[in-house]
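Novice: Generate coordinates for the sequence data below:
(4 chains)
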2 protein chains.
Amino acid sequence: MSTTQMMKGILDGCLLAIIKDTEVYGYELAEKLEDYGFHSFSEGTIYPLLMRMQKEELVTSTLKKSTAGPRRKYYSLTEKGESELQHFMERWQTLQASVNRVLSDETK
Amino acid sequence: MSTTQMMKGILDGCLLAIIKDTEVYGYELAEKLEDYGFHSFSEGTIYPLLMRMQKEELVTSTLKKSTAGPRRKYYSLTEKGESELQHFMERWQTLQASVNRVLSDETK
DNA sequence: TTATTTACCTTGTAATGCAAGGTATTTGTT
DNA sequence: AACAAATACCTTGCATTACAAGGTAAATAA
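Specialist: Residues are numbered from 1 along each chain as shown, chains lettered A, B, ... in the order given. Okay, here's the model as predicted:
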C-alpha cells in the first residue's frame, strides 16, 4: 500500500486497532469512534468498510445474541489483520512525520 | 470541513503549506513532495488539485517564462488560502491526536 | 530536423465517504 | 394484542478522490 492510498485508509487502520483490542460490533464502533474524537463516521461508512476488510481476510465475524435488539456481528482480527495493522502503524508514522515536516518547514 | 473530509485533504494542506512559503509551479511540487517523504504523487493528482484550489480561490497563478521548457504556472496563496491553511493545521492536530490515541490505547 | 527535457493538461477508472433509506429484533407501553 | 422505540444490520446512489495513461507544447541539444 502506497502512502497515497494510506490517505484513504486511516479509518481502516483505526478500526483494526480497536478490533484488535476487543471484539466489537459495527454499531458499537460508530460510537467508539466518537469517543476517540472522530466525529461523523456514519454507519454508511463503517459497514461497507467492515465487509471489505472481511473480504480481504483482515477480520472475521461471528453473530451473537443481543440483550436488546437483533443479533450483533462481532469482529475479530485475523493474523493477516494483525500484520496489516502493524504495517498501517508504520505508514502512519511516516505520513505523520512527512506532514509535520512540511508544516513546520514551510510555515515556520 | 469535517474530520472525514480532511482525510482526503491532507495533500491539499501540504500543498498550501509549500505554496505559502515560496511561489512554486506544479511540476516542481511533484519533486518537492518526494523530498518531504511523500512518494508517488503523480502529476495526474497534482494538476487537477491545483486547478480545484484555484477554482476555490485558495491560490492564484501567473505564467512565467522558463529557462528550459514551456512557461511555468506559478502559484501563490490568497488570503482565503492562508486562512484555509490555518484551519487545515488545526484539523491535522486533531486528527493526529485522535489516531495516536486509538493506536496507543488499543494496541498498548 | 530530430530527439530530449521540461512543463502543462485531460480522460477514464477504481475506490472512498456518506446521506438517505430499508429491514429485522427486542423491549416497553398502551 | 398492537404499537412505538431502540437497537442493529445492510443497500443504493452520488460526489469526490488518486492516479495511470496519454496528449500537447516550448526550449535546448545533437
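Novice: Next one: residue A:35 from residue A:60, what distance?
Specialist: The gap separating residue A:35 from residue A:60 is 24 Å, by CB to CB, to the nearest Å. (Each C-beta comes from the backbone N, C-alpha and C, glycine too.)
Novice: what separates residue A:20 from chain B, distance-wise?
Specialist: 6 Å (CB to the nearest CB, to the nearest Å).
Novice: Tell me if I'm right that that residue and residue A:79 touch.
Specialist: No: using CB atoms under 8 Å, residue A:20 is not in contact with residue A:79, being 11.3 Å away.
Novice: Which one of the two is surrounded by more residues?
Specialist: Neighbours were counted for residue A:20 and for residue A:79 using other CB atoms under 10 Å in any protein chain shown; residue A:20 has more, 17 against 9.
Novice: and that one, helix, strand or coil?
Specialist: helix (DSSP: H, G, I helix; E, B strand; the rest coil).
Novice: Find the nearest non-adjacent residue to it, please.
Specialist: In space, and not counting its chain neighbours, residue A:20 is closest to residue A:77: 4.9 Å by CB to CB, 6 or more residues apart in numbering or on different chains.
Novice: got a pLDDT number for the one you found?
Specialist: In this model, residue A:77 is scored at 96, pLDDT.
Novice: Check the secondary structure at the residue nearest the centre of chain A for me.
Specialist: Most central in chain A under CA atoms, centre = their mean is residue A:15, positioned 2.1 Å from the mean C-alpha point. Following three-state DSSP, the label given to residue A:15 is helix.
Novice: is the host helix or strand of residue A:98 up against DNA strand C anywhere?
Specialist: If you go by DSSP states H and E, residue A:98 is part of helix A:79-107. No: shown here: helix A:79-107 not in contact with DNA strand C (CB under 7 Å from any atom of the strand), separated by at least 12.3 Å.
Novice: Same question for stretch A:31-38.
Specialist: No: using CB under 7 Å from any atom of the strand, stretch A:31-38 stays clear of DNA strand C, coming no nearer than 8.4 Å.
Novice: what is the rounded mean pLDDT of that stretch?
Specialist: Here the average pLDDT along stretch A:31-38 is 83.
Novice: And that stretch, what's buried?
Specialist: Using 16 or more other CB atoms under 10 Å in any protein chain shown as the test for burial, stretch A:31-38 gives A:32, A:33, A:36, A:38.
Novice: just the residues you listed now: which is nearest DNA strand C?
Specialist: residue A:38 (8.4 Å; CB to the nearest atom of the strand).
Novice: ok, so what distance separates residue A:17 from residue A:24?
Specialist: 11 Å.
Novice: of the two, who's got more company?
Specialist: Taking other CB under 10 Å, residue A:17 and residue A:24 do not tie; residue A:17 has more neighbours (23 against 19).
Novice: wait, the more buried one sits on residue A:85?
Specialist: Yes: here residue A:17 reaches residue A:85: they are 6.1 Å apart, a contact under CB under 8 Å.
Novice: circling back: how about the contacts made by the residue nearest to residue A:20?
Specialist: A:16, A:19, A:20, A:58, A:59, A:85 (CB atoms under 8 Å, 6 or more residues apart in numbering or on different chains).
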